[in-house]
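>>> Next input, structure requested:
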Amino acid sequence: MSILGIILLVLFCIIALLLIFLVAVQDEKSSGLGGIFGGSSDSAFGSSTSTVLSKATTILAVLFMVLALVVAFVNKTTYEVPEGTAAVTAPAETTSWVDSASTESAAEPIAE
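Residues are numbered from 1 along each chain as shown. Purely as a prediction, here's the structure:
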């Protein structure tokens with residue numbers, strides 16, 4: 001893995017953790033996870049916190065998705081078949097699941 005790939009992966013993990021924290025802290029006008037940190041107050045960090053947290057969550061979510069694609073693109077591997085290598089093919093014969101002894105006994109009438 002290259003240095004760029006490692007840096008992007010660390011940044012991706014940091015953004016993922018920040019996104020988890022911001023989603024947990026937000027208060028959606030109900031008793032969700034935001035109530036754990038803020039108690040019964042309307043906002044934990046100030047009067048305009050909901051708009052700031054919403055914008056920060058949106059920005060981090062977009063960065064998370066973009067970095068996921070970039071990390072996947074940077075760390076992709078391509079496999080090349082060396083020249084002169086024969087292609088592997090499946091065998092031409094087929095395997096039957098029915099046993100020959102069971103087909104003979106099934107064809108005979110049952111005597112009562």
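>>> Distance of Leu22 relative to Ala56?
The gap separating Leu22 from Ala56 is 6 Å, by C-beta to C-beta, to the nearest Å. Just so you know, the C-beta spots here come from the backbone N, C-alpha and C atoms, and that holds for glycine as well.
>>> So these two - more neighbours on which side?
Legend: neighbour count by other C-beta atoms under 10 Å for Leu22 and Ala56, higher for Leu22 (17 against 14).
>>> Need the three-state assignment for the more buried one.
At Leu22, secondary structure determined by DSSP: H, G, I helix; E, B strand; the rest coil is helix.
>>> just checking, it touches Lys55?
No - using C-beta atoms under 8 Å as the test, Leu22 is too far from Lys55 to be in contact (10.3 Å).
>>> show me where this structure has helices.
Remark: helices of the chain, listed N- to C-terminal, are 3-25, 34-38, 49-74, 100-107; assignment by DSSP state H.
>>> export those helices to TSV and tack on mean pLDDT?
As requested, those are arranged in TSV below (pLDDT from 0 to 100):
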stretch	mean pLDDT
helix 3-25	92
helix 34-38	53
helix 49-74	88
helix 100-107	57
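>>> how about JSON lines for those helices, with distance to Glu83 added?
Output for the helices of the chain, formatted as JSON lines (distance: least, C-beta to C-beta, whole Å):
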{"stretch": "helix 3-25", "distance to Glu83": "29"}
{"stretch": "helix 34-38", "distance to Glu83": "61"}
{"stretch": "helix 49-74", "distance to Glu83": "27"}
{"stretch": "helix 100-107", "distance to Glu83": "45"}
